[in-house]
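Peer 1: Kindly generate the corresponding structure for this input.
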Amino acid sequence: MNNVAEFHTAEKILPSHVVSESAERDNLRRLMIGLVAVLICIGVQMVQSASLTSRPSEQDSVFLSKHLTYLAVSLLFGFVASRISTGWLQKNSITLFGGLVFLLTILLVPGIGSRINGAQRWLRFGGLSLQPSELGRIILPLMAATIICNRRAAGFSLSTVPATLMPLLILPLVAIEPDLGATVFLGSGFILALFLGGWPLRYFIGCALLFIPAATSLLILKPYQMERIRGFMAAWQDLSQAPWQVRQSLLSIGSGGLKGTGIGGGWQKLSYLPEANTDFVFAVIGEELGLLGTMTVCFVWVALFLTGRAALKHLPRTSFEWIFGTTLLLQLVLQAMANIAVVTGLVPPKGVPHPFISYGGTNLLVSVTAIGLIIGMSRSRDDQNLEA
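Peer 2: So this is what the prediction gives:
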């Protein structure tokens with residue numbers, strides 16, 4: 001009732017075209033939520049299907065129950081994020097950044113962080129886990145958008161460059177976990193926000209010259225990473241030489257054909273396809289839902305990107321809301337593209353979960369929260385018009 005009353009009040013005060021545009025953006029936001037809901041529903045179904053093993057047991061249902069728990073928490077965080085004001089985000093960006101540095105630091109302390117397959121990336125709380133580096137997908141773009149908006153008012157100068165080097169406190173901590181993919185992705189998100197905000201090109205070049213030596217020492221490829229790249233290159237000449245994950249992934253997608261084997265009817269997930277319910281869940285979609293299923297997922301992502309852009313279009317390109325919201329939207333789409341590229345053998349194998357679809361706690365939490373923030377950014381100026 002309050003929303004209806006506010007709408008009619010606004011209709012009396014504001015010009016009709018302003019009210020019409022606001023209503024159109026409300027519809028766009030609802031469409032965004034609907035598209036995300038489609039991806040989430042696909043994710044729930046495929047996590048349940050991909051978690052099946054060749055020896056059925058109670059463990060098969062554990063993944064689904066945990067995923068639903070993560071989803072419930074994520075939806076709560078997403079709703080709260082959609083209600084957070086831009087002023088609060090800008091004011092507390094430094095605090096959130098400091099919290100991320102703290103979590104990444106204690107993660108590396110022996111006995112606190114959990115080490116799995118040689119990587120120490122998770123903090124565990126009972127039966128749940130948190131991957132702090134994933135939080136950087138929101139916090140680093142937030143810092144970049146805050147910096148760019150604050151510095152623009154005073155004018156860009158060399159004295160503002162040190163503020164853009166703040167990721168140097170984060171990226172080395174992620175790189176030594178080790179997690180090369182996350183390091184590159186987080187750095188790219190920060191740079192993307194600066195680029196969208198209009199940071200001068202000369203400063204990008206200057207910072208790159210300073211950063212390259214340090215980056216080179218941190219990101220020197222390890223033997224297992226070189227092996228992945230060599231296997232990827234060999235796969236284009238002889239599929240039998242491809243890494244096991246890529247080979248099984250391509251077999252999964254290829255065996256699905258046009259319509260797939262049906263939900264639950266795939267065989268590759270039964271101990272053949274590694275990480276079937278996480279990083280390679282898109283391959284399970286290809287096997288069980290076929291080309292139609294994979295193309296549907298791609299179509300939904302394209303629609304989500306276009307809808308998100310349209311919802312943010314009314315914002316000034318120099319505003320905090322547009323810079324931050326657009327960066328979050330692009331990050332989600334680029335991560336989905338990266339996951340599909342890995343699964344289809346277009347890039348060397350790397351652990352990249354599919355947003356909203358892959359099993360996992362922190363990735364789902366961050367993805368849903370990002371959508372909540374995008375909705376909040378797109379609605380902020382409408383709320384200001386109503387209050388005015």
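Peer 1: show me what contacts residue 308?
Peer 2: 32, 325, 329, 374 (Cβ atoms under 8 Å, 6 or more residues apart in numbering). From N, CA and C alone the C-beta is placed, and that goes for glycine too.
Peer 1: following the helix or strand in which it is found, which helix or strand comes up?
Peer 2: Assessed by DSSP states H and E, residue 308 sits inside helix 281-312. As assigned by DSSP H and E, the chain's next helix or strand after helix 281-312 is helix 320-343.
Peer 1: What is the neighbour count of residue 366?
Peer 2: 25 (other Cβ atoms under 10 Å).
Peer 1: same thing with the one 10 residues further on?
Peer 2: Other residues lying near residue 376 total 23 when counted by other Cβ under 10 Å.
Peer 1: okay but it is in contact with residue 80, surely?
Peer 2: No. Using Cβ atoms under 8 Å, residue 376 makes no contact with residue 80, being 9.6 Å away.
Peer 1: what residues are up against the spatially closest residue to residue 366 that is not a sequence neighbour?
Peer 2: Closest residue in space to residue 366, ignoring its immediate chain neighbours: residue 134 at 4.9 Å, by Cβ to Cβ, 6 or more residues apart in numbering. Going by Cβ under 8 Å, 6+ apart, residue 134 touches 182, 362, 363, 365, 366.
Peer 1: low-scoring pLDDT stretches of the chain, where are they?
Peer 2: For the chain, the stretches with pLDDT under 70 are 1-19, 52-61, 117-118, 126-127, 153-164, 207-242, 271, 381-388.
Peer 1: try 50
Peer 2: By pLDDT under 50, the low-scoring segments of the chain are 1, 4, 6-12, 14, 54, 385-388.
Peer 1: and the top strand by length along the chain, what does it pack onto?
Peer 2: Counting by DSSP state E, the longest strand found in the chain is strand 119-125. Where contact means 3 or more Cβ pairs under 8 Å, 6 or more residues apart in numbering; DSSP states H and E, strand 119-125 is packed against helix 93-107, strand 113-116, strand 128-130, helix 132-154.
Peer 1: Of the ones you listed, which is nearest residue 282?
Peer 2: helix 132-154 (18.8 Å; Cβ to Cβ).
Peer 1: Mind listing what's buried along the closest one?
Peer 2: Under the neighbour-count criterion of 16 or more other Cβ atoms under 10 Å, helix 132-154 has 132-149, 151 buried.
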